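Trainee: The following comprises the amino acid sequence and a computationally predicted model.
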Amino acid sequence: MSKIIIDNISKSYNGKKVFDQFSMQLDIDKNICVLGKSGQGKTTLIHLLLGIEDLDGGFIDLQGLKFSCVFQEPRLLPWATVYENIQYVLKENISRESIIDVLKELSIAEEIDSYPHELSGGMKQRVSLARAILYKSDIIIMDEPFQNLDIKMKEQSIKLYEELMKDIGIKFIFVSHNIEEAIRLADEILLLKGHANSEVVRIDANDEFDVVKKRIEQLL
């Protein structure tokens with residue numbers, strides 16, 4: 001069972017400690033949600049995993065895993081079509097047919113030649129997900145992917161992720177401050193707490209929904 005090892009890391013901004021000698025392990029065989037209040041350092045943790053930001057101390061052992069990303073914003077090139085946006089980030093040339101197959105899974109195959117301004121917010125987020133799937137990573141890392149969607153589109157997107165977990169077995173680590181999202185999508189919830197994240201509470205998200213929700217609410 002492979003694990004991402006986060007060992008004794010530190011990270012500060014302008015003298016404020018976000019992580020101080022922080023350690024934990026992430027089981028890559030599980031879908032994991034990193035949960036916590038706003039400003040707790042959830043996105044910082046994701047950036048450190050991806051190497052977007054540098055550690056002040058400690059180390060992270062990624063076990064040679066490859067990541068792809070779905071951010072809060074879809075980050076699509078406005079002058080490129082859906083097909084071109086997906087091809088732009090792929091390390092290898094993927095056939096148009098293979099891209100269409102993934103877009104069909106996400107119910108947006110008919111938009112392959114559309115431009116971002118022609119898509120709804122939910123469609124853009126699906127393009128971002130398709131790009132992450134086609135990147136052929138071991139794990140998809142997602143930073144609050146539903147935050148900018150309206151209630152209806154958020155529900156549709158969560159159901160889509162639930163289906164993809166069953167159909168193609170995608171694995172992800174995602175950040176959220178929404179308890180319901182965390183319980184529905186994760187196998188394990190890692191709740192960050194305390195000054196400089198001095199405490200991490202591991203919660204089995206496969207228990208009864210209301211039981212898990214009540215426990216998290218008590219801990220927050």
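Mentor: Perfect, thanks for sending it. Residues are numbered from 1 along each chain as shown.

Trainee: List the beta-bridge partners for the most centrally placed residue in the chain.
Mentor: When C-alpha atoms, centre = their mean is applied to the chain, the residue found nearest the centroid is residue 142 (1.6 Å). Following DSSP bridges, residue 142 is listed with bridge partners residue 70, residue 174.

Trainee: and the gap between it and residue 8?
Mentor: Going from residue 142 to residue 8 by C-beta to C-beta, to the nearest Å gives 26 Å. For glycine as for every other residue, the C-beta is placed from the backbone atoms N, C-alpha and C.

Trainee: And the helix or strand of the chain with the lowest mean pLDDT, what's buried?
Mentor: Ranked by mean pLDDT, DSSP states H and E, the weakest helix or strand in the chain is helix 151-167, scoring a mean of 78. Buried residues in helix 151-167, defined by neighbour count with 16 or more other C-beta atoms under 10 Å: 153-154, 157-158, 160-161, 164.

Trainee: quick one: buried residues of stretch 140-151?
Mentor: 140-146, 149.

Trainee: same deal with stretch 30-44?
Mentor: Here stretch 30-44 shows 30-36, 40-44 as buried, counting by 16+ other C-beta under 10 Å.

Trainee: Residues contacting it, please?
Mentor: Residues outside stretch 30-44 that contact it (C-beta atoms under 8 Å, 6 or more residues apart in numbering): 11, 18-19, 26, 45-46, 53, 143-144, 165, 171-177, 179, 181-182, 185-193, 197, 205, 216, 220.

Trainee: switch the cut-off to 7 Å
Mentor: For stretch 30-44, contacts defined as C-beta atoms under 7 Å, 6 or more residues apart in numbering pick out 11, 18-19, 26, 45, 53, 143, 165, 171-177, 182, 185-192, 197, 220.

Trainee: swap in stretch 198-206?
Mentor: With C-beta under 7 Å, 6+ apart as the test, stretch 198-206 has contacts from 24, 182-183, 186-193, 212, 215-216, 219.

Trainee: Residue 48 reaches residue 54, doesn't it?
Mentor: No - between residue 48 and residue 54 there is no contact under C-beta atoms under 7 Å: 8.1 Å.

Trainee: Comparing those two, which shows the higher neighbour count?
Mentor: A direct count of neighbours by other C-beta atoms under 10 Å for residue 48 and residue 54 places residue 48 higher, at 22 against 8.

Trainee: and that one, what element?
Mentor: Using DSSP states H and E, residue 48 maps to helix 42-50.

Trainee: how about the helix or strand that that helix is followed by: buried residues?
Mentor: Going down the chain from helix 42-50, the next helix or strand is strand 57-61, by DSSP H and E. Across strand 57-61, burial judged by 16+ other C-beta under 10 Å covers 58, 60.

Trainee: Can you name the residues in contact with strand 57-61?
Mentor: Strand 57-61 is contacted by residues 4-10, 48-49 when judged by C-beta under 7 Å, 6+ apart.

Trainee: and that strand, which strands flank it?
Mentor: As assigned by DSSP bridges, strand 57-61 forms pairs with strand 3-13 (antiparallel).

Trainee: before we move on, the earlier item: put the buried members of the contacts of stretch 198-206 into a PyMOL selection.
Mentor: Those of the contacts of stretch 198-206 that count as buried under 16+ other C-beta under 10 Å are selected in PyMOL with:
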select buried, resi 24+182+183+186+188+189+190+191+192+212+215+216
